[in-house]
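**Q** the following comprises the amino acid sequence and a computationally predicted model.
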Amino acid sequence: MKAQRRSLLKRLFAAVAGVAGLSTPTSAMAVSIPEKEVAGVVSQDDIPLYSGSTKLGNLVFVSGAGAHFEGDIRSHTDHVLKEIEKELIKAGSSMDKVLKVNVLLHDLKDYKTMNEVYKGRFGKNPPVRTTVAVHAGVPGNSWVEIDCVAYV
């Protein structure tokens, strides 16, 4: 059983490494991870908090974007998706190349309206997505926050 699990983990790791554009490792310990590229570091009191996006191999990870202005779920969702698109373009990717999206809603009652704005923004083949309502609300009083993973 233990050997089966180890074999499965090795195959899974090799598959993930292949998707990330890394050379397939010959053993689980012999992995060469390329230097990551970081864009748009957000700081507070000169201490880095997070990056707007990070590239590793041919993958782009875009930080959660929120809308920090007065408005409704429709205007916030539109703004957030435009910010995500800007970050993807800076990283050499696009909305059509997004693989995974996470959506955090301030209130689940906004799910339908958020979907109306979201629909069609990622091309003909939309990415996989997880949507949750955050019990304590989205940081910064945004009605929605969205992050994603794409390829270049």
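**A** In hand now; what should we look at? Numbering: from 1, shown residues only.

**Q** for this protein, give me the ranges with low pLDDT.
**A** Scanning the chain for pLDDT under 70 picks out 1-47.

**Q** let's go with 90 and repeat that
**A** Screening the chain residue by residue with the criterion pLDDT under 90, one finds the ranges 1-52, 137, 139-141.

**Q** outline the domain layout of it.
**A** Domain assignment for the chain, taken from automatic domain parsing, gives 1-33, 34-151.

**Q** A helix includes residue 74, no?
**A** Yes: assignment of residue 74 by DSSP: H, G, I helix; E, B strand; the rest coil places it within a helix.

**Q** isn't it right up against residue 113?
**A** Yes: if you go by CB atoms under 8 Å, residue 74 and residue 113 touch, sitting 5.8 Å apart. To be clear about C-beta, it is placed using only N, CA and C from the backbone, and glycine gets the same treatment.

**Q** can you get me a residue count around residue 111?
**A** Other residues within reach of residue 111, judged by other CB atoms under 10 Å, total 13.

**Q** any idea how far residue 93 is from it?
**A** For residue 111, the distance to residue 93 (CB to CB, to the nearest Å) stands at 27 Å.

**Q** over to residue 79?
**A** Taking CB to CB as the criterion, residue 79 is separated from residue 93 by 20 Å.

**Q** same question, residue 59
**A** Distance check for residue 59 against residue 93: by CB to CB, it reads 9 Å.

**Q** which positions in the top strand by length along the chain come out as buried?
**A** Across the chain, the strand with the greatest residue count (assigned by DSSP state E) is strand 47-56. Counting neighbours by 16 or more other CB atoms under 10 Å, one finds that the buried residues in strand 47-56 are 51, 52, 53, 54, 55.
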